[in-house]
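J.: structure for this input, please:
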Amino acid sequence: MNAQIALSALALALAAGGAAAKLPPPSDEAKARAAEAAARTAWSDKVAAYQLCQSMDRVAASYLEHARAAGKTPQVVATPPCSDPGPFSYSPPESKPLEAAGAHSPPQTAATPPSTTQPAAAGPKP
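T.: Residues are numbered from 1 along each chain as shown. Model (predicted):
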């Protein structure tokens, strides 16, 4: 019975791996939607952290009020203020125009000439 379960799990894992390999690359529109969704998720995480910070401040204020009313002198720890993330705003990155000749330059500045007469196996000359 255990062998049958293990064999079924192995077959399912192999089938799932094969299906993922056949997916086409996402279109530019799908990439843009995914980038916006990621930005919205990051913003909602910031909003949640802001709301949590405000809630903790209210709880701390209530605790201090009750402690002082009971005649205790609690030690107050200074914390940074809560930072409001503001409304959601997303501006998609601008796409870079293609070069006129269709060639693509490397992103970094060249440190050496593109080709030399020396074979690669010979190494640099002292």
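J.: quick test: name the residue nearest the centre of this protein.
T.: Ranked by distance to the mean C-alpha position of the chain (C-alpha atoms, centre = their mean), the top residue is residue 38 at 7.3 Å.
J.: so how far is residue 83 from that one?
T.: 21 Å (C-beta to C-beta, to the nearest Å). Using the backbone N, CA and C atoms, a C-beta is placed for each residue, glycine as well.
J.: mind checking how far the top helix by length along the chain is from the chain centre?
T.: In the chain, taking DSSP state H as the definition, the longest helix is helix 28-69. Averaging C-alpha positions (C-alpha atoms, centre = their mean, to the nearest Å) puts helix 28-69 17 Å from its chain's average.
J.: same question for stretch 84-97.
T.: For stretch 84-97, the distance to the chain centre is 15 Å (C-alpha atoms, centre = their mean).
J.: identify the residues contacting it?
T.: 32, 35, 36, 39, 40, 43, 46, 47, 50 (C-beta atoms under 8 Å, 6 or more residues apart in numbering).
J.: one step back: look at the residue nearest to the centre of the chain and report its pLDDT.
T.: Predicted confidence (pLDDT) for residue 38: 95.
J.: how much space between it and residue 90?
T.: 10 Å.
J.: now do the same contact list for the closest residue to residue 53 other than its chain neighbours.
T.: Closest residue to residue 53 apart from its sequence neighbours, by C-beta to C-beta, 6 or more residues apart in numbering: residue 82 at 3.7 Å. Taking C-beta under 8 Å, 6+ apart, we find residue 82 in contact with 50, 53, 54, 57.
J.: mind redoing it with 6 Å?
T.: Residues in contact with residue 82 (C-beta atoms under 6 Å, 6 or more residues apart in numbering) are 50, 53, 54.
J.: residue 47 now?
T.: Residue 47 sits in contact with residue 85, where contact means C-beta under 6 Å, 6+ apart.
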